[in-house]
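**Student:** structural data only, the sequence is not supplied:
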């Protein structure tokens, strides 16, 4: 609290800057290195979510940034606390999510002596984040925190790390608060949009690809109107399926893992590719095979809020430095050609998407995860949030579940395991009225499974669909492809995950047949508790398109040929 001398501690100044910037949630693991900041939260209107490991806390903050477009906030302690948080930073960087991680630091007079848990955070995180710094003077806290919010939100969003010496947080100062930081919109020029219209009018087989961050519900709706007026096929990038309603007649599929071969063929055959917001990285480019580097043979138009991304890998025919929000608004002024030559292609692309996703593929074993996803898409409210980590299990969700609203998918484009559960906790903390379902694998879940205790502590009734095939399935699939029959290092001996849920005070049920899922899901909802539905899946069911035996046989046949 502000003392009689009208001075505030550094910790109080810091927390007040968060309030100025509209922060109402922070995620942390407590540490003695930032006690003064922790104490300042006691008297402020900010909900503090105490987590079980720093990686989970930072992932929750990253999920908050994904959902809101404003920086998610995490607090971690020095040394191992900070390094534990590094997976969340890597996700925020590769996923272009705004986030700030505050790190307790040793006292200023102890620096560079390798004091207890001391690290140089500029050196440790400098290549992983947009900006890493340390605050020496509490009077500069408003300035530096304001800059951190601007850096995290603007251009290509990403993470910022700020180290906080513990004695600096205790020092009392008289300093005014900074004004709130706002996102800076980067608008396309009139000549950009005129050139875009010319190129679209000249095209025979154009496509639109949506990705990246800095979207909004309004921008997505405006993009839908543009797609309808131009009747253009729209694809979404890896784990960005929520950017365009998948039942819409213009939707043509996603460029992720387990991609529909017809989707990849359509992108290759396009004579114009309009990429909005994304980077066309390794996953959406299918290993950098869809467009030639650095000069795509097709007309390539790239829209991105960061000029540093334009021409970084692919030389665009038209580079538009604009945020997706601003670009979408500018699309309202474009007029479609008098004759839209690609209508039949748009219809065929959507028909192919429906055929690819309508019915679950047959799988070995009594539990078919695809059939469960098909059932869920008819049961969950459209505003439900689905989260996932990394692993082959996610291909069923990406293929068979259908997203229709913005900000309803939280998945790491960085491919980080262990993300789904913390993301679900963070999402439910932010939106307690919305249904939140975490889709996880057995290896994936136990990367951050302790955060189930956080869900129980804060009474957050998330539902975890845990696909258990007793192995690190993605690695096993690669293993069978590259070294068939030579299995090593991928077997898992798993616990009873339903009992695990009950041990924490949640709901748990084991499902060994697909037809038992609906009743178990309803029971989980009715329990009002965080829940784990333990799905026993045949190890042969490695993806919606193939089996382990089929991968092995194909690899052996290729070697014998």
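**Tutor:** Structure received. Quick caveat: nothing in here was measured; it's all calculated off a predicted structure. Residues are numbered from 1 along each chain as shown.

**Student:** any chance you could map the strands in the stretch 101-250 of the chain?
**Tutor:** Under the criterion DSSP state E, counting those that start in this stretch, strands of the stretch 101-250 of the chain are mapped to 131-134, 159-165, 172-173, 206-210, 234-237.

**Student:** next secondary structure after the last one?
**Tutor:** Translated: strand 234-237. Downstream of strand 234-237, the next assigned helix or strand under DSSP states H and E is strand 251-255.

**Student:** how about the strands of the stretch 101-250 of the chain, which one is nearest residue 336?
**Tutor:** strand 206-210 (11.0 Å; Cβ to Cβ). For glycine as for every other residue, the C-beta is placed from the backbone atoms N, C-alpha and C.

**Student:** show residues contacting the closest one.
**Tutor:** 200, 223, 227, 232-237, 240, 243-244, 252, 255, 266-267, 270-278, 280, 284, 324, 342 (Cβ atoms under 8 Å, 6 or more residues apart in numbering).

**Student:** and what of stretch 376-383?
**Tutor:** Residues outside stretch 376-383 that contact it (Cβ under 8 Å, 6+ apart): 400, 401, 402, 404, 405, 408, 434, 435, 437, 518, 521.

**Student:** now residue 482: phi and psi?
**Tutor:** Main-chain torsions, residue 482, degrees, to the nearest 10: phi -90, psi -30.

**Student:** before we move on, what about residue 33?
**Tutor:** The phi/psi pair for residue 33 (degrees, to the nearest 10) reads phi -80, psi -10.

**Student:** ok, it to residue 165 distance?
**Tutor:** Separation of residue 33 from residue 165 (Cβ to Cβ, to the nearest Å): 8 Å.

**Student:** same question for residue 209.
**Tutor:** 45 Å.

**Student:** phi and psi next, for residue 342.
**Tutor:** phi -110, psi 20.

**Student:** now it. Nearest residue, chain neighbours left out?
**Tutor:** residue 205 (5.7 Å; Cβ to Cβ, 6 or more residues apart in numbering).

**Student:** tell me if I'm right that the one you found and residue 270 touch.
**Tutor:** Yes - in this structure, residue 205 is within contact of residue 270 by Cβ atoms under 8 Å, at 5.2 Å.

**Student:** more neighbours: which of these two?
**Tutor:** With neighbours defined as other Cβ atoms under 10 Å, residue 205 and residue 270 compare such that residue 270 has more, 26 against 15.

**Student:** once you drop chain neighbours, what's closest to that one?
**Tutor:** residue 207 (4.5 Å).

**Student:** measure how buried the one you found is and give me the count.
**Tutor:** Neighbours around residue 207, by other Cβ under 10 Å: 25.

**Student:** can you map out the helices along the stretch 151-300 of the chain?
**Tutor:** Secondary structure of the stretch 151-300 of the chain (DSSP state H, counting those that start in this stretch): helices at 166-170, 190-202, 217-230, 261-269.

**Student:** which one of the ones you listed has the most crowded surroundings?
**Tutor:** Highest mean neighbour count of the helices of the stretch 151-300 of the chain: helix 166-170, a mean of 21 (counted as mean count of other Cβ atoms under 10 Å).

**Student:** and the average pLDDT for it is what?
**Tutor:** Across helix 166-170, the average pLDDT comes to 96.

**Student:** can I get the helices of the stretch 151-300 of the chain in JSON lines with distance to residue 479?
**Tutor:** Shown next, in JSON lines, are the helices of the stretch 151-300 of the chain (distance: least, Cβ to Cβ, whole Å):
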{"stretch": "helix 166-170", "distance to residue 479": "47"}
{"stretch": "helix 190-202", "distance to residue 479": "45"}
{"stretch": "helix 217-230", "distance to residue 479": "39"}
{"stretch": "helix 261-269", "distance to residue 479": "23"}
